[in-house]
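Novice: show me how the following folds:
(chains A and B)
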2 protein chains.
Amino acid sequence: MNRQSEYAIRELAQDSDLPVEEFGARASALNRLLAAGLPVPRGFALRTEVVREIASSGIPTEWKLSSLIRPGTLVSIRSSPIVRAWGGPETLINVGMNRGMHDRLADRLGEYNATRLYCRQIQEFAVRIKRVDVEDFQAIASDHERVGEDPGSLVAAYLELYEDLVDDAFPEDPEVQLREGLQSMAAAWDGRSARLLREARGAPSDAGFGLIVQEMVLGVGPGPSGTGYVQFLSPISGEPQPWGRFRPQMQGRIEGLADRPGQPDHTFGKETTSPDFETDCPGAMRVLRDHGQRARRVFHMDVRLDFTLENGTVWLLDVVPAEQSARAGVTSAVRLAQDRLITKEAALLSVDPLSLDEVMLSQVDPRAETDVFAAGVAASPGAATGAIVFSAMAAQAMKAREEHCILLRVETSPEDVRGMHSADAILTQKGGMTSHAAVVARGLGVPCVTGATSIKVDVRARTVTLPDDRVLSEGDVITVDGTAGLAIIGAPALVDPDLGGAFGTFMSWADKARTIGVRANSDTAVEARLAREFGVDGVGLVRTEHMFFEPGRLTLMRELILAPTPEDRQAALNRLLPMQRNEFVEMFRIMEGMPVCIRLLDPPLHEFVPRSREAIRRLAEAMDLPISQVSARIEDLAEFNPMLGLRGVRLGITVPEIYDMQARAIFEAAVAVGRETGTTITPEIMVPLVSATREVEIVKSRVDAVAAAVRIECSCEFEYSLGVMVETPRAALRASEIARVSAFLSFGTNDLTQMAYGLSRDDAGRFMREYVNLGVYQEDPFQCLDVDGVGELLILAANRGRITRSDLVLGLCGEHGGDPLSVAFCHRAGFDYVSCSPYRTPVARLAAAQEALRSARYGSEFAGSGTSTAGDQGQSA
Amino acid sequence: MNRQSEYAIRELAQDSDLPVEEFGARASALNRLLAAGLPVPRGFALRTEVVREIASSGIPTEWKLSSLIRPGTLVSIRSSPIVRAWGGPETLINVGMNRGMHDRLADRLGEYNATRLYCRQIQEFAVRIKRVDVEDFQAIASDHERVGEDPGSLVAAYLELYEDLVDDAFPEDPEVQLREGLQSMAAAWDGRSARLLREARGAPSDAGFGLIVQEMVLGVGPGPSGTGYVQFLSPISGEPQPWGRFRPQMQGRIEGLADRPGQPDHTFGKETTSPDFETDCPGAMRVLRDHGQRARRVFHMDVRLDFTLENGTVWLLDVVPAEQSARAGVTSAVRLAQDRLITKEAALLSVDPLSLDEVMLSQVDPRAETDVFAAGVAASPGAATGAIVFSAMAAQAMKAREEHCILLRVETSPEDVRGMHSADAILTQKGGMTSHAAVVARGLGVPCVTGATSIKVDVRARTVTLPDDRVLSEGDVITVDGTAGLAIIGAPALVDPDLGGAFGTFMSWADKARTIGVRANSDTAVEARLAREFGVDGVGLVRTEHMFFEPGRLTLMRELILAPTPEDRQAALNRLLPMQRNEFVEMFRIMEGMPVCIRLLDPPLHEFVPRSREAIRRLAEAMDLPISQVSARIEDLAEFNPMLGLRGVRLGITVPEIYDMQARAIFEAAVAVGRETGTTITPEIMVPLVSATREVEIVKSRVDAVAAAVRIECSCEFEYSLGVMVETPRAALRASEIARVSAFLSFGTNDLTQMAYGLSRDDAGRFMREYVNLGVYQEDPFQCLDVDGVGELLILAANRGRITRSDLVLGLCGEHGGDPLSVAFCHRAGFDYVSCSPYRTPVARLAAAQEALRSARYGSEFAGSGTSTAGDQGQSA
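Specialist: Predicted coordinates for the structure are as follows:
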């Protein structure tokens, strides 16, 4: 080493500048505290490149380390990686401990404590630096009680054992201890296991790492003394209130040093029954408050202070970002921006969009103790507590009594939908992310866990058997944590959401920043109202079939499907028409002229037919037909692969009367609401499961005919736009042709992913976890858009479509619309909007804002691939 | 009209040249007969452009038509479209008939016949040219018996009625009749219905059409007289033998003119009990033979001669391609080439590849009368007759007694496979082109009709109820026509195949001409042997699972799937290993070193498990487990969309022991056969249902490990190549990455089509016909490769794959491999081979040959897209 140690080592000082990338994050942070006039113990920082050289070549013998450790003091050696999350070797404390220090400390701390410190240092040095097995010291450790009787012989025993094990005497010279300590810490950073660990945390292979040598404050003394941490922000709500913990008469992290029973921990802010720090140490509290304020200004964030109190004097040992929930994070960011400590843009970028999921919903309090009895698929986020019920009927009964309940089923079917509305949460033994339960629950915003395969639900006996053979019965209280995918016995504490206040402010900033539309998938008026409360730009997907799952309508729908003659079919349609129209009327009213994109009937018809013998009997009764005939027709409808069968536009073409009825309901509703409000409603009609242009042409010509008829009947003009839900790879490939007859393309990435991968989401559950764990898929492509495969289809279709029609409106309405990376992808691809479950729209809005801010800064990756505007109106097709 | 009528009208003559595109096909053909010195009645041809002008403006009055019709003769006006298949107005005969001709003919034909000719002409002229309703003549027609009594008054009645209806006198002037006849024929060609009809047959909107005016030969007289047609080629076998029909004393097509009972038709070549022409008219027969030979040389094809015999003199009225079955077409083409009348290339191009399907299989004799009782999906071609059986067991029993049987089921399942081997044909009430029955039947080459939804099969009662309420029972004889998709009561005559002789010669020429490989999909040794008989370049797809459907193995497979512990699973695998190995040993032996591409286990496991209560009970017995446990496991395996579920490589990754076993069986078999034959077997291993590169990497590393182990155990070296079956759109999109770890890509276009369209072939049946009829899809994409969508994925994947690996081997192994247009597509895309069902390989070989010949002539459409070679060897991966 041919550098001067003056370059290599810098003293922490008000006027020194220690950049993070040269000295590491902790050194830099401590120095900034010092620079702000805050009390930090004397210390020195070693440059990262120097630490790397120490690791390979050791410390040059010409270095004089004596200036780092003043006589009569102890120092600690602490790691300072460039990024805190990379971790690093544990702090080595009490460096410099020797016979002389022992004698000196015995006066202050008593013989007992001084001896323990000395012995502990001998052992630490042997284990941490000389790499001796800690077990070798256990024989002596079991003799610990001798410390009070004959401290001298205990020390002698430690020193003797040290010499035996290390084959050298314990270094009484503090400078030697320091030298060897530094070399050991540098080598540990360079070691294989540390490297692998930090690389797993995202560190580069040449991750830099500094070291700090810092004088120790003992935190022990006759006046208020001890060690603790404090932040002035509630980690749950984000409100400005002190929160932390303080351990009196304690030095750093060494457990039991003070060994004084009857000295319980203190807490801040009277959150618990523990003694309150402020009451006991009001002076220190004032100082800490002031320090916290100053640190917040220095670091432009809410921070946690690690401190030691020695006879009433506060010393700061570290400063890190405050511990905070997602909600607290939003509140903190808004207050920082309002206090002008950061810009609004920085506030928006400081919050992980996915964390908003938590903000929106009740959550299990992270501090609560929980008795988890099953893990499954986190199918719909949020948490709720209630009594177990095993049937939709029972759920409705509970709801009527205003009691909370959890619907527990093997799996759910359309007959359960009413009960699902009534349940506070849903738990199913089978199913995955798109099982019936999952889809309905997400739409309703009801917490749901599916595929809890370890439990056995016995609906008849009304019991559920747990893997450990415990049995729960109807009425037992459980909690479903749909965020974590867990089912919990009993009622752990929950944290409730608050959509106003700081959260409302935050979202309004996000809306100003973003440039692409965010719509909600809303199947019913209830969901549309929810979407408006959340603040969306329109409805991106109305799955019209969901309206048919209401009990009265379901019977009609079944009569339609099983109609023995065309006249019977038309009769059923005539009765369904006003029901559909009323739904649309209500939805158009709620959305007040915002775009509403209505998808024509999509699912295979057999989804609507009953399965149970009794339900079939009742249906036969209602239709005045023999059971055998109804059963035969139901059997006829069965499909091998319903996902790939007679559904979507294929239904629209083979049974065109259904789409005719739906189009009429839409237009009549648009006219009615338009008249009522004096506005113009321009509905968007979306054709599902298209694989050929001709399908769109055929549907379009029939819908045009219905529109013409309604215009004449109502003697009024209205426009509408017709577009395609791109769900098949072929529709993506043929987009340029399809765009000739489509005003918009909306990508149904759920199905598109299923078909690109040849993978049904309902069936993927049984191996998806294994696939992601093995790295076969980097992520579950149903959670996070597969940019390489499905994404290529999106870009290709968007570009081809825009070649044909420059004003083609492009949207995404799969569940990826609520995934931040997918939202960013859509922004870059120049899409007009994304649409997702109402509960996910805040996530999408923030993700859209962040991508807009980032691309304003760095430019778009897909420059020139299209016009990226916030414009989101459909136009007449 | 300012042209000379000499330009417009040309006399048929030895030295005149009447090109098809100027005068139409018939005029040209007749003139070529004349040019060859053959006897054609005097005639004139009108140029097509002139006919068009006549249609719009009529015949110029200055034209003298008298030269076209000599006094004392009658003429016919015949159509001469440029392409015969376009059709045209019916021939107008006896033009020029009038009182004078009547008197003249009465001498030759008798008063009776002359009067009928005259009356008929008056009526024809009124109906065909003056557009009078034919019903208006019926009152007179019912008085026909009067003709013998008072011919004069009958003629007067006709002339009077004509004048009444037409408001003008019947034109006695032959020239006027001719002028109006020509104008009428020209106008008819230009009419809307004729235009639509011919456009449906592929004619362009400006299709050209000539007219012929030809002197009539009456075919009536004291010497051998009459009209007939003859060809010197059996329309069934193609052997050189006379075939045709002759009607004595007959003029053209007018029925009953001669009205002479006791004058039955004659036939040629003693095929029936009818009088033989050659016996009765040996002289005319010699002349016709000579004419036939000459015409064959002139037209370079076997022809049918339409002739009239008048007092022993032969006149030729037309020459058209000989009527011929597909088999006869092949035989004819080979003989023409052997006789050096055409080149081998022309012979290859003259046969429609699809017609070879017929050649390969027994077919219902097209002349047989049939009682069709059901129409369904033509799932596997060919025809067979046998007694109805309703169970696989019964089929096996019939086979054991060497009796023919037809297996009739609602649908088939793996448990029926043994019985399907034993049946002569299969008929199912449900299912489509990829139902279990269809796939297995095609593999076995057993005729099969699926989806015969109009019949009701009652397996328990052993009856089938037909739509007309007839009931068939076990033992009743029926015939399944899998080519036409029909089921027939009784045993119509069948025509048997002959693969040697001319067919063998023809296929050897095709093999020389083609440049891409044709392999067979062969799942068993039986099929591999068949494939070799047919002459293939290797096996392109071994679906290993089919080996497991044999009864003994099926039980083992079920034990494997339902194994309660890993040890049980391994025990089952250990017992399956030698069975798989033996299958591969036999297959490698049969293929004698040709490439064999083995696909690792693909279908979802639940395809193997039993469904019936009894079968589950027996399985539980065999496994020594409670029924409930077996049932529960079976239920666990059920999937919503099995096509998109846990199958293919997903199984290989989640239950890797199965692929390990299969790889070991393949390698051990390759080593064993290599030693036995002193050759090197380089198996190709194909990974199914890949959607991510990492899947291939994981399988490859395990297969490599197995190979390494087998190499050590056998102490010998061998190579193998590993590739991917491209069945998901994503695999196609990611081909450049996948090609890094794959020696070959083989496109599974069945699944690729399913996923590109989002359409399960098993479920498409219920609307595919409607979709094709409506023109939503131009063709059934499962029958004919969808070039626009799926084809783009193929080209894209091929190009991306070759960028990564220039020697990437490319194949197609879906059923499109047997579709001529798809084979041509693969040729143009530079694929190395196609692979299809053994029975389809001749179709593929001929299609490949034709495309090679065409592209040699016109160049490749995809020039530069890759190397197009016949090379078809895999290489070590």
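
Novice: what residue in the stretch 101-250 of chain A comes nearest to chain B?
Specialist: For the stretch 101-250 of chain A, the residue closest to chain B is residue A:200, as judged by Cβ to the nearest Cβ, at 18.8 Å. C-beta coordinates here come from the backbone N, C-alpha and C atoms, glycine included.

Novice: near the residue nearest to residue A:455 when sequence neighbours are not counted, how many other residues are there?
Specialist: Leaving aside its chain neighbours, residue A:455 sits nearest to residue A:374 (4.9 Å; criterion: Cβ to Cβ, 6 or more residues apart in numbering or on different chains). A count of neighbours around residue A:374, defined by other Cβ atoms under 10 Å in any protein chain shown, yields 22.

Novice: give me the element residue A:374 is part of.
Specialist: In this assignment (DSSP states H and E), residue A:374 forms part of strand A:371-375.

Novice: name the helices or strands packed onto that strand?
Specialist: strand A:486-489 (3 or more Cβ pairs under 8 Å, 6 or more residues apart in numbering or on different chains; DSSP states H and E).

Novice: does residue A:559 touch residue A:621 like I think?
Specialist: No: applying Cβ atoms under 8 Å, one finds residue A:559 not in contact with residue A:621, separated by 11.7 Å.

Novice: neighbour-wise, which of these two wins?
Specialist: residue A:559 (21 against 11).

Novice: distance of that one relative to chain B?
Specialist: Separation of residue A:559 from chain B (Cβ to the nearest Cβ, to the nearest Å) stands at 21 Å.

Novice: how about the contacts made by that residue?
Specialist: With contact set as Cβ atoms under 8 Å, 6 or more residues apart in numbering or on different chains, residue A:559 has these partners: A:568, A:572, A:619, A:622, A:623.

Novice: confidence score at the second one?
Specialist: Per-residue confidence (pLDDT) for residue A:572: 92.

Novice: hang on, the earlier thing: flag every buried residue along the strand holding residue A:374.
Specialist: A:373, A:374, A:375 (16 or more other Cβ atoms under 10 Å in any protein chain shown).

Novice: strand partners (parallel or antiparallel) of that strand?
Specialist: strand A:486-489 (antiparallel) (DSSP bridges).

Novice: beyond the partner strand, next helix or strand please.
Specialist: Next along from strand A:486-489, by DSSP H and E: strand A:494-495.

Novice: show me how far that next one is from its chain's centre.
Specialist: Distance of strand A:494-495 from the chain centroid (Cα atoms, centre = their mean, to the nearest Å) equals 16 Å.

Novice: how many other residues sit next to residue A:830?
Specialist: Count around residue A:830 with other Cβ under 10 Å applied: 22.

Novice: show the backbone phi and psi for it.
Specialist: phi 80, psi 30 (degrees, to the nearest 10).

Novice: please apply the same query to residue A:634.
Specialist: phi -60, psi -40.

Novice: and residue A:258, what pLDDT?
Specialist: 40.

Novice: as a whole number, average confidence for whatever helix or strand residue A:181 lives in?
Specialist: Taking DSSP H and E as the definition, residue A:181 sits inside helix A:174-190. What helix A:174-190 shows for mean pLDDT is 93.

Novice: now do the buried residues in the helix or strand immediately after that helix in the chain.
Specialist: Downstream of helix A:174-190, the next assigned helix or strand under DSSP H and E is helix A:192-200. Within helix A:192-200, the residues that count as buried by 16+ other Cβ under 10 Å are A:194, A:198.

Novice: which neighbouring elements make contact with the helix or strand following helix A:192-200?
Specialist: Next along the chain after helix A:192-200, taking DSSP H and E as the criterion, comes strand A:209-215. For strand A:209-215, the helices and strands in contact under the criterion 3+ Cβ pairs under 8 Å, 6+ apart are helix A:25-35, strand A:43-46, helix A:48-57, strand A:75-81, helix A:174-190.

Novice: I'd like those as CSV, with distance to chain B appended.
Specialist: Listed next are these as CSV, based on distance: least, Cβ to the nearest Cβ, whole Å:
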stretch, distance to chain B
helix A:25-35, 35
strand A:43-46, 42
helix A:48-57, 35
strand A:75-81, 32
helix A:174-190, 31
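
Novice: make CSV from those and add mean neighbour count to it.
Specialist: CSV is the format used below for the helices and strands packed on strand A:209-215 (neighbours: other Cβ atoms under 10 Å in any protein chain shown):
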stretch, mean neighbour count
helix A:25-35, 23
strand A:43-46, 24
helix A:48-57, 18
strand A:75-81, 24
helix A:174-190, 21
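
Novice: dump the ones you listed into CSV; add distance to residue B:564 as well.
Specialist: Output for the helices and strands packed on strand A:209-215, formatted as CSV (distance: least, Cβ to Cβ, whole Å):
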stretch, distance to residue B:564
helix A:25-35, 54
strand A:43-46, 60
helix A:48-57, 54
strand A:75-81, 50
helix A:174-190, 48
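
Novice: residue A:524 and chain B, how far apart?
Specialist: 25 Å.

Novice: shouldn't that residue be in contact with residue A:546?
Specialist: Yes: between residue A:524 and residue A:546 there is a contact under Cβ under 8 Å: 6.5 Å.

Novice: count the neighbours of the residue nearest to residue A:494 when sequence neighbours are not counted for me.
Specialist: Leaving aside its sequence neighbours, residue A:494 sits nearest to residue A:362 (Cβ to Cβ, 6+ apart; 4.8 Å). By the criterion of other Cβ under 10 Å, residue A:362 has 22 neighbours.
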